[in-house]
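Colleague: Predicted structure and sequence below. I'll ask about it afterward.
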Amino acid sequence: MPTPRGLRNNNPLNIRHSRDRFQGEVVPSRDGAFKQFSSMAYGYRAAFVTLATYLAHGRNTVEKIIRAWAPPTENNTEGYIAHVVQRSGVGRNKVLTAESGGDYRKIVAAMSHCENGIPANMADVEAGFRMQFKIRN
């Protein structure tokens with residue numbers, strides 16, 4: 001089985017190119033559509049930083065996060081939400097805060113599984129979480 005694109009790029013949530021720059025981002029990316037990171041931890045860090053920005057804009061539930069991350073124009077959004085809820089154990093409409101670090105780690109791991117088809121390496125998820133300071137335990 002070939003390595004999924006998100007894992008090859010050290011970008012487990014498949015963050016698309018944008019003007020945003022993240023620590024550990026490889027510039028220029030060798031992938032035409034998605035960012036690349038120097039390590040998996042930096043890829044996860046970028047995911048947590050992005051979700052912290054979502055939180056600041058009121059995207060504070062799994063449903064609101066996934067509707068923005070994987071819009072219905074491009075994805076089976078309902079299937080993605082159901083997958084993340086089932087794998088993370090975090091309710092679809094549970095309100096998250098900047099102190100919901102434990103839930104965010106579960107959500108990011110579940111999103112990585114949805115994006116790549118294999119379970120996230122939790123050591124990498126934890127390393128990425130520790131590298132950012134916007135979401136706390």
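Modeller: Done, it's in.
Colleague: Strands of the chain, start to end?
Modeller: 25-26, 36-37 (DSSP state E).
Colleague: Could you dump these into JSON lines with mean pLDDT and distance to R16 added?
Modeller: Yep, even glycine has a C-beta here, placed from its N, CA and C like the rest. Formatted as JSON lines, these follow (pLDDT from 0 to 100; distance: least, Cβ to Cβ, whole Å):
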{"stretch": "strand 25-26", "mean pLDDT": "98", "distance to R16": "12"}
{"stretch": "strand 36-37", "mean pLDDT": "98", "distance to R16": "12"}
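Colleague: ok, and which of these has the densest surroundings?
Modeller: Burial of the strands of the chain is given as mean neighbour count (mean count of other Cβ atoms under 10 Å); strand 36-37 ranks first at a mean of 22.
Colleague: Let me see the residues that make contact with it.
Modeller: 9-11, 22, 24-26, 29-30, 43, 46 (Cβ atoms under 8 Å, 6 or more residues apart in numbering).
Colleague: gap between the nearest residue to M131 once chain neighbours are set aside and L7?
Modeller: Of all residues not flanking M131 in the chain, R45 sits nearest, at 4.2 Å (Cβ to Cβ, 6 or more residues apart in numbering). Distance check for R45 against L7: by Cβ to Cβ, to the nearest Å, it reads 16 Å.
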